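K.L.:
Here is my input, please return the structure:
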Amino acid sequence: MDLLVNPPLEGSMSDCFLWDSRLDTGIPEIDRQHRTLHRLINRLDRVIASETLLPALPEILEELASYAASHFKYEESLMSGFEFGQESHRRIHADFNLKMLEMKQKAAENPAETAPWLLTFLLKWLLTHIVDTDMRMAKKLLAMQAGRSEIEAEREAQAFELPLPYIMEKLYDEMAGKTRELIATRRRLAMEIEERRALEAEFARQARTDMLTGLSNRRHFFELSEQELARSKRDGELLSMLMIDLDEFKSINDRYGHQFGDSILKKVGEVFRKTLRAGDIYGRVGGEEFAVLVPESDEKEASEVAERLRLEISTIPGSPSERTERVTASIGIVTLPAVGADIDLLLNLADRAMYQAKHAGRNRISRADTGTQEAPRV
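P.N.:
Numbering: from 1, shown residues only. This is a model prediction of the structure:
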């Protein structure tokens, strides 16, 4: 891709957004479907300023729903051969559908207010999902069709330099041309592009991070775990899942307040970062629940990891006075061959073992395979 040459643009000069060929993924049917969305965006922009908003907005929403159904179905059929990545892509599609339902409800109540929100959302979708997620999916698929392994194709897709700054500049120019007031801001364009790139990087970090603890959130934990499970299956390895639940955490919140409870969760996050290995995958998956995927580990190694976590967590004060009360955790472990396992199965078995530890008295480890517990150590 020659980034110094302006690519051809498609559309009418009255359009709020002209199609840029750098939006093309290289898969003709996907690109055709993306152009359908491009036309709907420009149609929406035109009706916002016209007298036809009331009858046109429900029609546009219906067409968006039809576009999403066919487009997502086609994309997911292309990804059916992927070992990892497709679940996170499906969740993004589900989020879009939920947003469309929300917009449809709001449009029935207040179409004049909903239409600009919808336009903003769809433009952002173009600049995030289509230019990023779909582009990388297409690069991965084309690389696999060319004979690369999925791991190699994934690396190529992730290494691909997205044309976001150039697309954003073009979008900015077209939107700025709508009003004279925005022309002056073009002088600050270069600085704004850099700021937006930094902001996008921060948004991407926030999208995969639990903001309280700094650990991976549930969605990102699942994405990383799916990738590691696929690798472990290919190599025929064992792997272990740990489910960690803080004991009596609701009682701590009730007695000392949520601010103190939040401080405990932050300290637990520090324990995970300090205690676990670089290759371990971990995250906050619930209110006071945490999960750890330990690659290349047998039952003994997983138990050692769990015991280190349990001991470190037990050093966290369980009351503001920091006298005798300490935070404790119940930990469930399951170790299985990667072949034949999936993330939901591992989590369910580890969760069941964790509840066995709870019922046996808390502050201990329970293994899913035997149901045996390790008593707390002082």
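
K.L.:
Now do the strands in this protein.
P.N.:
Remark: strands assigned in the chain by DSSP state E are 9-10, 19-20, 238-246, 281-284, 289-295, 329-337, 365-367, 373-374.

K.L.:
Can you flag the weakest of these by average pLDDT?
P.N.:
With a mean of 47, strand 373-374 has the lowest mean pLDDT of the strands of the chain.

K.L.:
burial measure for the closest residue to residue 260 other than its chain neighbours, as a count.
P.N.:
Closest residue to residue 260 apart from its sequence neighbours, by Cβ to Cβ, 6 or more residues apart in numbering: residue 320 at 5.9 Å. The C-beta positions use only the backbone N, C-alpha and C, and glycine is treated the same way. When neighbours are counted by other Cβ atoms under 10 Å, residue 320 registers 13.

K.L.:
okay, residue 320: pLDDT?
P.N.:
Per-residue confidence (pLDDT) for residue 320: 88.

K.L.:
That one against residue 261, yeah?
P.N.:
No - using Cβ atoms under 8 Å, residue 320 makes no contact with residue 261, being 11.0 Å away.

K.L.:
any chance of the strands of the chain in CSV, plus distance to residue 305 and mean neighbour count?
P.N.:
Listed next are the strands of the chain as CSV, based on distance: least, Cβ to Cβ, whole Å; neighbours: other Cβ atoms under 10 Å:
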stretch, distance to residue 305, mean neighbour count
strand 9-10, 55, 14
strand 19-20, 49, 22
strand 238-246, 7, 25
strand 281-284, 10, 24
strand 289-295, 6, 24
strand 329-337, 9, 24
strand 365-367, 10, 26
strand 373-374, 13, 18
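
K.L.:
So for residue 206, which of these sits nearest?
P.N.:
Ranking these by proximity to residue 206 (Cβ to Cβ) places strand 281-284 first, at 14.0 Å.

K.L.:
Any chance you could give me the closest one in CSV, C-alpha atoms only?
P.N.:
C-alpha atoms of strand 281-284 as CSV (Å, rounded to 0.1, in the frame of the first residue of the first chain):
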residue,chain,number,x,y,z
ILE,A,281,-2.9,-15.8,31.7
TYR,A,282,-5.0,-14.2,34.4
GLY,A,283,-7.8,-11.8,34.9
ARG,A,284,-10.7,-10.6,37.0
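
K.L.:
residue boundaries of the helices in the stretch 51-200 of the chain?
P.N.:
Under the criterion DSSP state H, counting those that start in this stretch, the stretch 51-200 of the chain carries helices at the ranges 53-78, 86-109, 111-125, 135-145, 150-159, 164-176, 189-208.

K.L.:
highest average neighbour count across those?
P.N.:
Burial of the helices of the stretch 51-200 of the chain is given as mean neighbour count (mean count of other Cβ atoms under 10 Å); helix 135-145 ranks first at a mean of 19.

K.L.:
which residues touch it?
P.N.:
If you take Cβ atoms under 8 Å, 6 or more residues apart in numbering as the criterion, helix 135-145 is touched by 25-27, 30, 75, 78-79, 81-82, 85, 89, 150, 152-154, 156-158, 160, 162.

K.L.:
try it again with 6 Å
P.N.:
25, 26, 27, 78, 153, 154, 156, 157, 160 (Cβ atoms under 6 Å, 6 or more residues apart in numbering).

K.L.:
With distance to residue 361 and mean pLDDT added, can I get the helices of the stretch 51-200 of the chain in JSON lines?
P.N.:
Shown next, in JSON lines, are the helices of the stretch 51-200 of the chain (distance: least, Cβ to Cβ, whole Å; pLDDT from 0 to 100):
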{"stretch": "helix 53-78", "distance to residue 361": "46", "mean pLDDT": "88"}
{"stretch": "helix 86-109", "distance to residue 361": "36", "mean pLDDT": "88"}
{"stretch": "helix 111-125", "distance to residue 361": "50", "mean pLDDT": "82"}
{"stretch": "helix 135-145", "distance to residue 361": "48", "mean pLDDT": "89"}
{"stretch": "helix 150-159", "distance to residue 361": "44", "mean pLDDT": "85"}
{"stretch": "helix 164-176", "distance to residue 361": "54", "mean pLDDT": "56"}
{"stretch": "helix 189-208", "distance to residue 361": "36", "mean pLDDT": "70"}
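
K.L.:
Distance to residue 265 for those - can I get that in a markdown table?
P.N.:
Below are the helices of the stretch 51-200 of the chain laid out as a markdown table (distance: least, Cβ to Cβ, whole Å):
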| stretch | distance to residue 265 |
| --- | --- |
| helix 53-78 | 35 |
| helix 86-109 | 24 |
| helix 111-125 | 31 |
| helix 135-145 | 33 |
| helix 150-159 | 31 |
| helix 164-176 | 34 |
| helix 189-208 | 17 |
